[in-house]
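S.K.: Fold the stuff below for me.
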Amino acid sequence: MSKTNAREYAFNILEDIIINDAYSNIAINKIFNSKQINLQDKKFITELVYGTLKNKIYLEHILKHYSKVRIKSKVKVLLIMSIYQILNMDKTPNFATVNEAVNIAKKIMGNHTSKFVNGVLRTIIRTFNEKNLQYDNEKQKICIENSCPEELFNILENQYGLEIAQDIILAFNKKSENSIRYNPIKTTKEKLLKYFKDNNINAKESVICEDCILLNSLDLNDLYFEEGMYTIQDEASSLVACVLNEDNKRSMDILDTCAAPGGKSLHIASKYLNSNLTACDKYIHKLNLINKNIERLNIDNIITINQDATKLNNNFKNKFDIVICDVPCSGIGVIKNKPEIKYKITDNYIQDISKIQYSILENSINYLKPNGLLVYSTCTIDKRENEYNIKRFLEKYPNFVLEKINIDSIVSEKETGILNILPNEYNCDGFFIAKLRKLEA
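M.R.: Numbers count the residues shown, from 1 in each chain. As a prediction, the model looks like this:
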């Protein structure tokens, strides 16, 4: 494949994400699954797409410095993608980047637009100096240079202070480790590590989650992945199954109220083979994905049910020994891997989602047996979605207490029963877990 085609695919993906509000992983997979693209070009496209997304505000600031006219959305996407490549991807000569951007502009938007694209990019190559960029104040400079919307930065600063907020937004522009979780039904961690070593794949054990392995790169066409020897799951997310720490010889009934995309349900089911797990979600297409992974991983102690977690299911009352509430959230913790999320965060949205989370948490306690275990988790770091929801819950329900978390990990409790991983602390997603025990009546 020519690099022109690769750049056009990258442009199509970015257009889908930025203009059509698609999620980055879905937009990339849509192109990769429908086109014949070699591994080298996939890496090039991925770097160009995520690099542009992570630096979008800064790239737009540069563009605004060089063009005072109103630019159509498609043209802006093409320009910021090309600016990112000029400034950060040295392997391609600048003249080639410009020529290919001009060709894409001519093909999609016509000759007049292609001349405009050519002029802007050539001027940037000739005269760009970051010292010439102007900012109204120091906070604006920090936010623009790190491509963090000011509203998100203010949320983080108000909750964590200026220094930690700055560290967090710097971490957003890094990438978390490529984490996989071995499937104990089909293999062992030691056998899997040997397989990677024999195939010259750099692999090491995670120090965050004992069930995870870190790879230098991921290949979904790998035979062992296709055969279900392992699955892809972030280290922080994988801690949910580890914090349970219940006797796996017991026969228990376990409920995951918001199971999609299914990683935590599948992990828990594989660790508690004598138990039965019910994985619920309100979306049928997401349950279908879980079912595919159930088959690939050969897990037979899990069923899926179409169920809205905000609505009471009378058939579930007092039925479960363990209830997992991995509630929908703002996703601030996964911005490293889904950078488009940071451009969608608003204070009002977080206030609204935290209310939904609390209603799910309250609803879920109806399903728990006395002395049962309730685990509440999110992939966000906003305290209103995490600590404040738990504080409010405990004040209202004194028959629940936070229970100490014992895990084999470098991550430790922030307070009894609470894990709160910030994106700047480790090279994984930001994550929150609260472990609660329902006292005997």
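
S.K.: What pLDDT does the model give the spatially most central residue of the chain?
M.R.: The chain has Val334 as the residue nearest its centroid, 3.5 Å off, counting by C-alpha atoms, centre = their mean. Looking at Val334, its pLDDT stands at 96.

S.K.: Look up how far Thr378 lies from it.
M.R.: The gap separating Val334 from Thr378 is 10 Å, by C-beta to C-beta, to the nearest Å. C-beta coordinates here come from the backbone N, C-alpha and C atoms, glycine included.

S.K.: got the contact list for Ile284?
M.R.: Asn306 (C-beta atoms under 8 Å, 6 or more residues apart in numbering).

S.K.: name the helices or strands packed onto the strand or helix carrying Tyr9?
M.R.: Applying DSSP states H and E as the criterion places Tyr9 in helix 3-18. Packed against helix 3-18, as judged by 3 or more C-beta pairs under 8 Å, 6 or more residues apart in numbering; DSSP states H and E, are the following elements: helix 24-34, helix 39-54, helix 73-88, helix 94-109.

S.K.: Just name the most buried of those helices.
M.R.: Ranked by mean neighbour count, these are led by helix 73-88 with a mean of 22 (mean count of other C-beta atoms under 10 Å).

S.K.: what's it packed up against?
M.R.: Counting contacts by 3+ C-beta pairs under 8 Å, 6+ apart, helix 73-88 packs against helix 3-18, helix 39-54, helix 56-66, helix 94-109, helix 111-127.

S.K.: for the record, mean pLDDT for the shortest one?
M.R.: This means helix 56-66. On average, the pLDDT along helix 56-66 is 97.

S.K.: Buried ones in that helix, by neighbour count?
M.R.: Neighbour counts using 16 or more other C-beta atoms under 10 Å place Lys56, Ile57, Tyr58, Leu59, Glu60, His61, Ile62, Leu63 of helix 56-66 among the buried residues.

S.K.: got a list of contacts for it?
M.R.: Contacts for helix 56-66 (C-beta under 8 Å, 6+ apart): 18, 52, 71, 76, 79-80, 83-84, 120, 123-124, 128, 132-134, 143-149, 339, 343.

S.K.: Thr257 contacts Thr278, correct?
M.R.: No - the pair Thr257 / Thr278 is not scored as a contact, 9.2 Å apart, by C-beta atoms under 8 Å.

S.K.: Mind checking which of those two has more residues around it?
M.R.: With neighbours defined as other C-beta atoms under 10 Å, Thr257 and Thr278 compare such that Thr257 has more, 25 against 21.

S.K.: how far away is that one from Lys391?
M.R.: 21 Å.

S.K.: same check, this time on Tyr224
M.R.: If you go by C-beta to C-beta, the gap between Tyr224 and Lys391 works out to 44 Å.

S.K.: ok, these two, which is more surrounded?
M.R.: Tyr224 (19 against 12).

S.K.: Would it be right to say that Asn427 lies in a helix?
M.R.: No - Asn427 is assigned coil when assessed by DSSP: H, G, I helix; E, B strand; the rest coil, not a helix.

S.K.: if we can go back for a sec, give me the buried subset of the contacts of helix 56-66.
M.R.: Those of these that meet the buried threshold are 18, 52, 71, 76, 79-80, 83-84, 120, 124, 143-149, 339, 343, by 16+ other C-beta under 10 Å.

S.K.: what about dumping the CA coordinates of stretch 45-64 to PDB?
M.R.: The C-alpha trace of stretch 45-64 is given here as PDB (Å, rounded to 0.1, in the frame of the first residue of the first chain):
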ATOM      1  CA  ILE A  45      -2.100   5.000  10.600                       C
ATOM      2  CA  THR A  46      -2.500   4.300  14.400                       C
ATOM      3  CA  GLU A  47       0.400   6.600  15.300                       C
ATOM      4  CA  LEU A  48      -0.900   9.400  13.000                       C
ATOM      5  CA  VAL A  49      -4.500   9.100  14.300                       C
ATOM      6  CA  TYR A  50      -3.700   8.900  18.000                       C
ATOM      7  CA  GLY A  51      -0.900  11.500  17.800                       C
ATOM      8  CA  THR A  52      -3.300  13.900  16.100                       C
ATOM      9  CA  LEU A  53      -6.100  13.200  18.600                       C
ATOM     10  CA  LYS A  54      -3.900  13.600  21.700                       C
ATOM     11  CA  ASN A  55      -2.500  16.900  20.400                       C
ATOM     12  CA  LYS A  56      -5.600  18.300  18.700                       C
ATOM     13  CA  ILE A  57      -6.000  21.600  20.700                       C
ATOM     14  CA  TYR A  58      -2.300  22.400  20.300                       C
ATOM     15  CA  LEU A  59      -2.400  21.600  16.500                       C
ATOM     16  CA  GLU A  60      -5.500  23.800  16.100                       C
ATOM     17  CA  HIS A  61      -3.700  26.600  18.000                       C
ATOM     18  CA  ILE A  62      -0.800  26.400  15.500                       C
ATOM     19  CA  LEU A  63      -3.200  26.400  12.600                       C
ATOM     20  CA  LYS A  64      -5.000  29.500  14.000                       C
END
